[in-house]
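A.B. asks: Just a sequence and a predicted model for now, questions to come.
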Amino acid sequence: MNRMAEIERKTKETEIFIWLNIDGKGNAKLEYPVGFMSHMLNTFARHGLFDIEVRAKGDLNVDQHHLVEDTGIVLGQCFAKALGEKRGITRCGSCLFPMDESLARAAVDISGRSFLFFDGQLSGTPLKSTQDNGEQYDFQTDVIEDFWQGFASAAGCNLHLEILRGRSDHHKIEALFKAASRALRSACEFDDRVRNIIPSTKGSLPGFDTPGVMV
């Protein structure tokens, strides 16, 4: 059974379409104007074995915040929609991921309740990158936390992301995406012993718009 979802979000600031197959092979089809984030989304798909298609544009003349944050929101919405009641999933996952001198740790609980702890140890210095039209620009690294905040809120998960050590902001951010995707991959996997059971002591909580809110 493939768990798939697609979401399209249009606002005055951004237009984003994302299709997600949780049970994929790590393929990514990306039309994303911010080169560094395109690299991170491809990394996320490959290490999580998620198939994703992303088409996005936004008000980059203002800054990168709106587009990157909204991408996290739409991706999180796709996970929530694809997982549904979350019957039979492992629910929790974690990963300790090294990338050269950087070491990232991620832990996630797909509980239906959202919380983000983020400690990226980022310097705040912009990274040199390239837009899809070839234009050089500075990537604002502070929007990475906004991406994951949007994701955690929309997906309905507890997500803890932190860098334990590192020097390069590029390596730190990439290690975080790899750790997060592998933790999510573990959490989304089925446990055959409880295939038709909601992984909670009390089941789903009533009164929530998002399905599968658990305790």
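C.D. replies: Arrived safely. Numbers count the residues shown, from 1 in each chain.
A.B. asks: residues contacting the residue most central in space within the chain?
C.D. replies: Centrality entry for the chain: nearest residue to the mean C-alpha point is residue 151, 5.5 Å, by C-alpha atoms, centre = their mean. By C-beta atoms under 8 Å, 6 or more residues apart in numbering, the residues touching residue 151 are 72, 73, 75, 76, 79, 159. From N, CA and C alone the C-beta is placed, and that goes for glycine too.
A.B. asks: check which helix or strand covers it.
C.D. replies: Take DSSP states H and E as the rule and residue 151 turns out to sit in helix 143-155.
A.B. asks: now the strands: where do they sit in this structure?
C.D. replies: Along the chain, the stretches classed as strands by DSSP state E are 4-10, 14-21, 28-31, 51-58, 92-99, 102-109, 115-119, 127-130, 136-139, 158-165.
A.B. asks: Report the separation between residue 90 and residue 57.
C.D. replies: Plainly put, residue 90 is 36 Å away from residue 57 if you go by C-beta to C-beta, to the nearest Å.
A.B. asks: Kindly report the same for residue 135.
C.D. replies: On the measure of C-beta to C-beta, residue 135 and residue 57 end up 14 Å apart.
A.B. asks: what's the answer for residue 50, then?
C.D. replies: Look at residue 50 and residue 57: by C-beta to C-beta, they are 22 Å apart.
A.B. asks: Next: residue 162.
C.D. replies: Per C-beta to C-beta, residue 162 is found 32 Å from residue 57.
A.B. asks: Give me the more crowded residue out of those two.
C.D. replies: More crowded of residue 162 and residue 57, by other C-beta atoms under 10 Å: residue 162, with 16 against 13.
A.B. asks: Poorly predicted segments of the chain, please.
C.D. replies: Applying pLDDT under 70 to the chain flags the ranges 1, 131-132, 201-215.
A.B. asks: Can you tell me which of the contacts of residue 151 is nearest residue 9?
C.D. replies: residue 73 (7.2 Å; C-beta to C-beta).
A.B. asks: what about that closest one, neighbour count?
C.D. replies: 23.
A.B. asks: Check residue 71 too.
C.D. replies: There are 27 residues near residue 71, going by other C-beta under 10 Å.
A.B. asks: Start and end of stretch 95-114, how far apart?
C.D. replies: 19 Å (C-alpha to C-alpha, to the nearest Å).
A.B. asks: Buried residues, it. List them.
C.D. replies: 95, 97, 99, 102-114 (16 or more other C-beta atoms under 10 Å).
A.B. asks: Residue 170 versus the residue nearest to the centre of the chain, what's the distance?
C.D. replies: As for residue 151, its distance to residue 170 is 20 Å (criterion: C-beta to C-beta).
A.B. asks: Also residue 125?
C.D. replies: 11 Å.
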